[in-house]
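> got a structure for you, letters missing:
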């Protein structure tokens, strides 16, 4: 100590610390008020910033009060330097954490706004957080008097060994970055892999891609596998898509009336069912003279992939009801089967013929199948 400790020194130091604490409480209240105002704006970035600095500013106020109080006390030069160094280290740590939270939150906010869905591509957020924390850690070491040059050299040499040991992990990391940078897949897209897995992309992190199936099961796919396989993205380039429903009517139907009735049902479904595309142009295309019916395709518009099941359900139900009311028949396959009964091969016997639904028309002699082996001669 340069001089003896006096009562006035303690009073000044106490006032400084109390002022720092009071300032911290007032600033936190002000930041809470600002957070309420920021929550009413459309931009989510102000919410992230206010929430992050809500911890930094009170810590800075308390540290300032402690620094003033320490300066008022008759401390030795070395003790004063140590106290200041500790307070600066605390501020650097708080500032680094705050900066990491702000940058990570902003990156996540941008990823969510571009994908347009709930969920995030956490790979960019994780990379940003690691980079900011690493820079803050190096600044902290430099402030505490630790030379970071040997540390950087050691990290460079050790990084090569780590890279060799973590080849699969790094391959998945860069594959995830490539997927997001190429914009082939984003969180919220509905994809189907050539191996059969399909569902909504929930998240793309540093190692794998999480896909939620329509049954709410999660499928975990390594990024390398996702980047190296054939994939269909049903949400790109547009989320709206068209689906085909196959229908058939009897040969005695009036095709003009069939097309008119079917178009009216399509328009009704597109207008009333949630998930349909109201402005979709109905399309009915006849294409096949079948065995028992004339086949045609009805093209429906859906807002996204999962909506097609509900829209198909409503369309088929309403179309069937309308066909019944209009007298339009949807025939089941009905074909003639002729059976020839006899006691011996070659004996015509009695001939029975009836109509059996779904069985092709044919003539066959009992006991004389075409593929039966030849009977050896006596």
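Structure's in. What do you need? This one's a predicted model, so the numbers in the text were calculated from it and none came from an experiment. Numbering: from 1, shown residues only.

> Okay, domains of this structure per the record?
As assigned by automatic domain parsing, the chain contains the domains 7-165, 170-233, 241-326, 334-365.

> Adding mean neighbour count and mean pLDDT, write these out as JSON lines.
The way it works is simple: take the backbone N, C-alpha and C, and place the C-beta from them, glycine included. JSON lines is the format used below for the domains of the chain (neighbours: other C-beta atoms under 10 Å; pLDDT from 0 to 100):
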{"stretch": "domain 7-165", "mean neighbour count": "15", "mean pLDDT": "75"}
{"stretch": "domain 170-233", "mean neighbour count": "17", "mean pLDDT": "86"}
{"stretch": "domain 241-326", "mean neighbour count": "16", "mean pLDDT": "92"}
{"stretch": "domain 334-365", "mean neighbour count": "12", "mean pLDDT": "56"}
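
> The stretch 1-150 of the chain: helices as residue ranges?
7-38, 45-72, 77-115, 122-143, 149-165 (DSSP state H, counting those that start in this stretch).

> I meant the stretch 251-378 of the chain, not that one.
255-272, 307-326.

> Out of those, which gets nearest to residue 101?
Checking these against residue 101 by C-beta to C-beta gives helix 307-326 as the closest, at 37.6 Å.

> Touching, residue 19 and residue 67? I think so.
No. With contact defined as C-beta atoms under 8 Å, residue 19 does not reach residue 67; the gap is 11.7 Å.

> list the residues that contact both of those two?
Residues touching both residue 19 and residue 67 (C-beta atoms under 8 Å, 6 or more residues apart in numbering): none.

> one step back: so which of the helices of the stretch 1-150 of the chain gets nearest residue 275?
Residue 275 lies closest, by C-beta to C-beta, to one member of the helices of the stretch 1-150 of the chain: helix 77-115, at 19.7 Å.

> tell me the angle of that closest one relative to helix 45-72?
Interaxial angle, helix 77-115 versus helix 45-72 (axes from the mean of the first three to the mean of the last three C-alpha atoms, to 10 degrees): 180 degrees.

> Helix 77-115 vs helix 122-143, what angle?
170 degrees.

> can you give me how far helix 77-115 is from the chain middle?
Relative to its chain's centre, helix 77-115 lies at 30 Å (C-alpha atoms, centre = their mean, to the nearest Å).

> Stretch 298-310 too?
With C-alpha atoms, centre = their mean, you get 19 Å for stretch 298-310.

> Could you do stretch 32-41 as well?
Worked out by C-alpha atoms, centre = their mean, stretch 32-41 lies 29 Å from the chain centre.

> which other residues reach it?
46, 47, 49, 50, 51, 54.

> ok, those residues vs residue 245, which is closest?
residue 47 (45.9 Å).

> gap between the closest one and residue 37?
10 Å (C-beta to C-beta, to the nearest Å).

> Let me see the contact set for residue 287.
Contacts of residue 287 (C-beta under 8 Å, 6+ apart): 295, 296, 297.

> can you redo those as TSV with distance to residue 190?
What follows is these, written out as TSV (distance: C-beta to C-beta, whole Å):
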residue	distance to residue 190
295	29
296	28
297	23
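
> for those residues, which one is nearest residue 87?
Of the contacts of residue 287, the one sitting nearest to residue 87 (C-beta to C-beta) turns out to be residue 297, at 75.3 Å.

> My guess is the closest one contacts residue 248. True?
No. With contacts defined as C-beta under 8 Å, residue 297 does not count as touching residue 248, sitting 10.3 Å away.

> ok, now which ones touch residue 18?
Neighbours of residue 18 in contact, by C-beta under 8 Å, 6+ apart: residue 65.

> switch the cut-off to 6 Å
By C-beta atoms under 6 Å, 6 or more residues apart in numbering, no residues touch residue 18.

> Look up how far residue 28 lies from it.
Distance from residue 18 to residue 28, by C-beta to C-beta: 16 Å.

> hmm, back to that, just the contacts of stretch 32-41 now: which is nearest residue 233?
residue 47 (31.5 Å).

> Tell me the spacing between the closest one and residue 95.
Residue 47 is 20 Å from residue 95, by C-beta to C-beta.

> Equivalent analysis for residue 175, please.
When distance is defined by C-beta to C-beta, residue 175 is 34 Å away from residue 95.

> Next: residue 128.
16 Å.

> Same check on residue 320?
Shown here: residue 320 relative to residue 95, a distance of 68 Å by C-beta to C-beta.

> Is residue 206 part of a helix or strand, or is it coil?
Under DSSP: H, G, I helix; E, B strand; the rest coil, the three-state class of residue 206 is coil.

> Name the strands paired with the one helix or strand residue 201 maps to and say parallel or antiparallel.
For residue 201, the element it lies in under DSSP states H and E is strand 198-204. Using DSSP bridges, the strands paired with strand 198-204 are strand 190-193 (antiparallel), strand 208-212 (antiparallel).

> So for residue 286, which of these sits nearest?
strand 190-193 (29.8 Å).
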